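*Asks:* I'd like to go over a predicted model; first the sequence, then the structure.
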Amino acid sequence: MSTIAKIPVALLLLVGAALAQGSPGTRAPSVSLAPPPKITITRGKNGTVPLQLRVATGYHINSNTPKSEFLIPTTLKLDALTDFMAKVEYPAGQDMSFAFAPQEKLNVYSGDFNLDVSVRPLRTVQAGNYAFHGKLRYQACDNAACYPPKELPVNFEVKVIKGPPASSRGNPKQSPHIHK
Amino acid sequence: MQRNPLVIVVIAVLVAGMLFFGLHMARTAKGPAPPDIKGRPAPEFSLAALDGKTIQLADFKGKAVLLNFWATYCQPCKIEMPWFVDLQNKYGPEGLQILGIAMDDASEADIAKFAKDLGVNYPILLGKEGTGEAYGGIPFLPTTFYIGRDGKVVDKVYGLKGKAEIEASIKKALNEGSAVQARK
């Protein structure tokens, strides 16, 4: 590659490098949610909706069970849906220490982590599609600063089915020979 | 067809410039960059302190003020607060006043407990959004402003810094405006 031909390449690399350097205040920490799969659940039974979350590189958020009473735990609050039981199962956080306090371990989520929502439609629920709405509340920090708590909207759908026809256990086989 | 290398370079410069400008605008569109208040008079405020008193910046006229925005959920803030205790002891007699402004939703009792656990020896004020906005916005914590004796903002520091760096900024604030004070 000639020297002149290298100039455009070098310029584009320089621009890329300049933009990659986020200065304090211009970058915002974020937690993102991958589109949740639509789970089919038989009414009266449990189903699990896996939520895949990602904390932006360079940040961490507190786990659901941080080690200090003053730290804000990550929580998912779902709007109640009639005739559904829903329970959020939080993963264990990682014990990590950071540059600002090398001796202290914090229990955090960073990078990719999963939350499972256990959903149980009661037997009274009509078969069909149901939308769940909620908010993930989290508070992010990096190696030198912390950001105000934020909320991420969490929405997913489940499909409720009636389930297989009633088993034959309840209706004992009748032999045509019984009724004589 | 022969391509003129100069034309390629010019086009590359234009493309790079457009890329930089476009992406820079897209990034800053998320929120305006805080105005730089360095060198300008520190915005006045009047806030309730944990002891029930109302404290104004004007109460500390002629002193150097270290204004530290913090929150109970902020671990880096927790690291520097014991340093502030030491520095208040060391430079208080020279005219330094440290003020902590709590910027979280925790209860007053929790804020008081947090400060007591760390042995805080300077006033803790209960912050309001408007106070932060007056100082150009507090996008994250800790954020610290150093105000000279003349009431002008000498320095603003985002995030946790080392104790030596904090001490250097305190010295700068103590010296700033001291000539003005001496003349008065």
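*Replies:* Great, that's in hand. Numbers count the residues shown, from 1 in each chain, chains lettered A, B, ... in the order given.

*Asks:* Check which helix or strand residue B:172 maps to.
*Replies:* Assigned by DSSP states H and E, residue B:172 belongs to helix B:163-175.

*Asks:* and the gap between residue A:109 and residue A:146?
*Replies:* 15 Å (CB to CB, to the nearest Å). From N, CA and C alone the C-beta is placed, and that goes for glycine too.

*Asks:* Kindly report the same for residue A:156.
*Replies:* Residue A:156 is 29 Å from residue A:146, by CB to CB.

*Asks:* and these two? which has more neighbours close in?
*Replies:* Taking other CB atoms under 10 Å in any protein chain shown, residue A:156 and residue A:146 do not tie; residue A:146 has more neighbours (29 against 21).

*Asks:* tell me the SS of the residue sitting nearest the centre point of chain B?
*Replies:* For chain B, the residue nearest the mean C-alpha position is residue B:144 (2.6 Å; CA atoms, centre = their mean). Following DSSP: H, G, I helix; E, B strand; the rest coil, residue B:144 is assigned to strand.

*Asks:* pretty sure it contacts residue B:69?
*Replies:* Yes: using CB atoms under 8 Å, residue B:144 is in contact with residue B:69, at 7.2 Å.

*Asks:* what about the helices in chain B?
*Replies:* Secondary structure of chain B (DSSP state H): helices located at B:5-28, B:75-91, B:108-117, B:129-134, B:163-175, B:178-183.

*Asks:* what's the answer for chain A, then?
*Replies:* A:3-20.

*Asks:* Who is residue A:151 paired with across the strands?
*Replies:* On the basis of DSSP bridges, residue A:151 is bridged to residue A:137.

*Asks:* Near it, how many other residues are there?
*Replies:* Neighbour count for residue A:151, taken as other CB under 10 Å: 13.

*Asks:* got the phi/psi numbers for the closest residue to residue A:122 other than its chain neighbours?
*Replies:* Computed as CB to CB, 6 or more residues apart in numbering or on different chains, the closest residue to residue A:122 that is not its neighbour in sequence is residue A:83, at 4.5 Å. Per-residue torsions, residue A:83: phi 70, psi 20 (degrees, to the nearest 10).

*Asks:* Quick one: residues contacting residue A:83.
*Replies:* Listed by CB atoms under 8 Å, 6 or more residues apart in numbering or on different chains, the contact set of residue A:83 reads A:121-122, A:124-125.

*Asks:* If any of these are buried, give me the PyMOL selection for them.
*Replies:* Buried residues within the contacts of residue A:83, by 16 or more other CB atoms under 10 Å in any protein chain shown, are selected in PyMOL with:
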select buried, chain A and resi 121+125
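
*Asks:* Where does pLDDT dip in the chain?
*Replies:* As the question left the chain open, I've gone with chain A. Scanning chain A for pLDDT under 70 picks out the ranges A:1-28, A:165-180.

*Asks:* that's the other chain; I wanted chain B
*Replies:* The low-confidence ranges in chain B, as defined by pLDDT under 70, are B:1-35, B:178-184.
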